[in-house]
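Asks: model the following, please.
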Amino acid sequence: MKEQLNRVMVPVLLGSSAKAMQIARALYLRYDVVSHLYCARPVILPYLLSYVRVVRVPSYMQGELLCRDLVSFASEYPDLLFCLIPCTVQDKAFCMAHAAELEPYYIISEPEQLSRGTLSYLTKEELPT
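Replies: Just a heads-up that it's a prediction; the model follows:
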């Protein structure tokens with residue numbers, strides 16, 4: 001299962017917080033996947049960590065611009081399952097406001113789901129049709 005998820009699932013974390021780094025580490029340890037961290041400034045030096053790839057987002061890229069960038073990123077890899085995880089209150093509000101545009105490309109998961117060790121969907125086959 002771990003090997004299958006490593007080839008299919010791509011976690012995308014929104015927000016530069018300690019919580020985001022904890023989630024990325026937990027996903028790496030549990031599923032052996034590398035997370036993509038969308039943020040303006042990372043909390044720590046992520047290039048030292050093997051479980052995070054930082055996607056630096058300029059501070060002006062918010063709302064519709066950020067949504068387009070996330071959709072563009074996910075649409076480049078249609079065979080992968082992208083899991084979008086908002087790690088701050090502002091990022092959760094962003095996901096809710098842009099859910100219609102993001103949901104065709106991302107499974108939007110709450111960080112609390114990950115702390116319980118559950119994801120909404122683990123493989124493409126489990127996605128609703």
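Asks: what's the first helix or strand after the helix or strand of the chain with the lowest mean pLDDT?
Replies: When each helix and strand of the chain is scored by mean pLDDT, DSSP states H and E, helix 2-8 comes last, with a mean of 51. Per DSSP states H and E, helix 2-8 leads on to strand 9-14 as the next helix or strand towards the C-terminus.
Asks: give the pairing partners of that following strand; include direction for each.
Replies: If you go by DSSP bridges, strand 9-14 pairs up with strand 35-39 (parallel), strand 81-86 (parallel).
Asks: isn't there a strand covering residue 71?
Replies: No: if the criterion is DSSP: H, G, I helix; E, B strand; the rest coil, then residue 71 is helix and not within a strand.
Asks: helix, strand or coil for residue 25?
Replies: Assignment for residue 25 (three-state DSSP): helix.
Asks: contacts only, for the closest residue to it other than its chain neighbours.
Replies: Nearest residue to residue 25, sequence neighbours excluded (Cβ to Cβ, 6 or more residues apart in numbering): residue 51, at 5.9 Å. Placement of C-beta: from N, CA and C, glycine included. For residue 51, the contacting residues are 24-25, 27-28, 34-35, by Cβ atoms under 8 Å, 6 or more residues apart in numbering.
Asks: may I have the phi/psi pair for residue 51?
Replies: Torsion angles at residue 51 (phi, psi; degrees, to the nearest 10) stand at phi -110, psi 10.
Asks: try the one 3 residues further on
Replies: Note on residue 54: backbone dihedrals following degrees, to the nearest 10 are phi -90, psi 130.
Asks: then the one 10 residues further on?
Replies: Backbone torsions of residue 64, given as degrees, to the nearest 10, read phi -60, psi -40.
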